[in-house]
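# Below are the sequence and a predicted model; questions follow.
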Amino acid sequence: MNNIPFYTDSPIHPGIHLKDTLEEIGINQTDLSKRIGMSRKVINEIITGKAPITANTAILLERITNVPAHFWNNLQRNYDLNIAVIEQKLNIQQDFELLKTFPVRKMINYGWIPEAKTREEKVYHLYKFFSIAKLSNFENSLAIHFRRSIRESYSKESIFAWLRQGEIEVQKIKTEDFNKSKLTDAIPYFRSLTNKTPEIFQPEIITTCAGAGVAVAFIPELPNTFINGATFWINNTKAALLLSLRFKTNDHLWFSFFHEIAHLLIHKNKNSFIDIDDNMLSPEEIGKEKEADEFAANILIPKELWDNFRKNKLFSKAKVLDFSMKIDIAPGIVVGRLQKEKLIPYSHLNGLKEKYDWI
């Protein structure tokens, strides 16, 4: 079993080794009791596996048997560990039912956890991934506080797995201390990247944001999460921004990116924001999400320019291309805005959107 401590189902108590050693040197239990200064009852309990060999006893046994104290200590330690592993194996088996609710195959395919052949291995790898002792503790696995209500049709296990992988990724990224001014000043540059390919804009986003104290990670979506992005604070000087590429098109990706940037810039309290579609939000949360939406929309397409453009009754491919060129934005972003505001059907002009795939 990969990375799982070796154990046997029938561990040998160190008292058995002591019995064999005494026979070899010709000392019986009564003699040992007199020589070591312990009652015969205690000696018998050690030999029969009912009592442990303590560190103090190991030192005394070394003087009598000439077997080093660390040998006896190691025998006892390994035996105790083996017993604990057997007990934990039973606990792992109790988690088999809950195991079914986790997107294990996807997590393996993404390389988040190692390949596993048995249910024991899968459970063990999830323990390591979430840094938990029981699968039922997965909701306590995040450093961020996430207690938002989730619809029953959503997978809470998948949501927490996605967030946990995000935590793991952003913790690897070195950043400067968070600087609101630097992040604000970088917005025009981020906007200019909308016409670039992922090979260009992804490392630029990561590097530039790191310079402003924000660790950015692109985390593939898991089934039934419906997550577009998330922001949270790792500590007082380092923020995290996660993107899922859920819809796999440039309009959604860039809108989500600037939406998350808005949370870091305009919402002063260092709260976590998990942007999930159709989530059960409080009135306060709804207000903050609307603010972030407006921020993202106006950064991508300035309000005055958009108001003038949307006066057109017919939005042809040529008009969209001309408008996007004038404002130096990817045409797919214009299409996405038109669709969102129901100025064109969602089936129109999708050829102008850039589609992304995870590699």
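Received it, and whenever you're ready, just let me know what you need. Numbering: from 1, shown residues only.
# Please count neighbours and contacts with C-alpha atoms only from this point.
Fine.
# Residue 142 is in contact with residue 164, correct?
Yes. Assessed by Cα atoms under 8 Å, residue 164 is found in contact with residue 142 at 6.3 Å.
# Tell me which of those two has more neighbours.
Neighbours were counted for residue 164 and for residue 142 using other Cα atoms under 10 Å; residue 164 has more, 19 against 16.
# tell me the contacts of residue 133?
Residues near residue 133 by Cα atoms under 8 Å, 6 or more residues apart in numbering: residue 127.
# does it count as helix, strand or coil?
When classified by DSSP: H, G, I helix; E, B strand; the rest coil, residue 133 comes out as coil.
# what are the phi and psi values for it?
Main-chain torsions, residue 133, degrees, to the nearest 10: phi -100, psi -20.
# change the start of the numbering to 54 and stick with it
New numbering, starting at 54: the last item is residue 186.
# ok so, going back, list the residues that contact both of residue 217 and residue 195?
With Cα under 8 Å, 6+ apart, residue 217 and residue 195 have common neighbours residue 183.
# Touching the worst-scoring helix or strand of the chain on mean pLDDT from outside, list them.
One helix or strand of the chain scores below all others by mean pLDDT, DSSP states H and E: strand 326-329, with a mean of 85. Residues outside strand 326-329 that contact it (Cα under 8 Å, 6+ apart): 278-285, 316.
# Make CSV from those and add distance to residue 392 and secondary structure to it.
Formatted as CSV, the contacts of strand 326-329 follow (distance: Cα to Cα, whole Å; DSSP: H, G, I helix; E, B strand; the rest coil):
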residue, distance to residue 392, secondary structure
278, 23, coil
279, 19, coil
280, 20, strand
281, 18, strand
282, 21, strand
283, 24, strand
284, 26, strand
285, 30, strand
316, 24, helix
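# For residue 123, state which of those is nearest.
Distance to residue 123 across the contacts of strand 326-329 (Cα to Cα) is lowest for residue 285, with 48.2 Å.
# if I pick the closest one, what's in contact with it?
The contact partners of residue 285, taken as Cα under 8 Å, 6+ apart, are 197, 292-294, 323-326.
# again, 7 Å this time
197, 292-294, 324-326 (Cα atoms under 7 Å, 6 or more residues apart in numbering).
# Over to residue 266?
So residue 266 contacts 228-232, 290-292 (Cα under 7 Å, 6+ apart).
# Could you find the closest non-adjacent residue to it?
Closest residue to residue 266 apart from its sequence neighbours, by Cα to Cα, 6 or more residues apart in numbering: residue 231 at 3.6 Å.
# How about the secondary structure of that neighbour?
Here residue 231 is recorded as coil under three-state DSSP.
# quick revisit: what about the contacts of residue 266, which one has the most neighbours?
In terms of neighbours by other Cα under 10 Å, the contacts of residue 266 top out with residue 292 at 24 neighbours.
# Wait, that residue touches residue 270, no?
No. Between residue 292 and residue 270 there is no contact, the gap being 11.4 Å when judged by Cα atoms under 7 Å.
# picking that back up, contacts for the following helix or strand past the least confident helix or strand of the chain, please.
Later in the chain than strand 326-329, the nearest helix or strand by DSSP states H and E is helix 336-353. Identification of contacts with helix 336-353 by Cα under 7 Å, 6+ apart yields 244, 308, 311-312, 315-316.
# Out of the residues you listed, which is nearest to residue 136?
Taking Cα to Cα as the measure, residue 136 lies nearest residue 316 of the contacts of helix 336-353, at 49.9 Å.
# wait, what's in contact with the closest one?
So residue 316 contacts residue 345 (Cα under 7 Å, 6+ apart).
# Distance of it relative to residue 111?
As judged by Cα to Cα, to the nearest Å, residue 316 and residue 111 stand 61 Å apart.
# At which residues are the strands of the stretch 204-353 of the chain located?
Along the stretch 204-353 of the chain, counting by DSSP state E, counting those that start in this stretch, strands occupy 267-271, 280-288, 291-296, 326-329.
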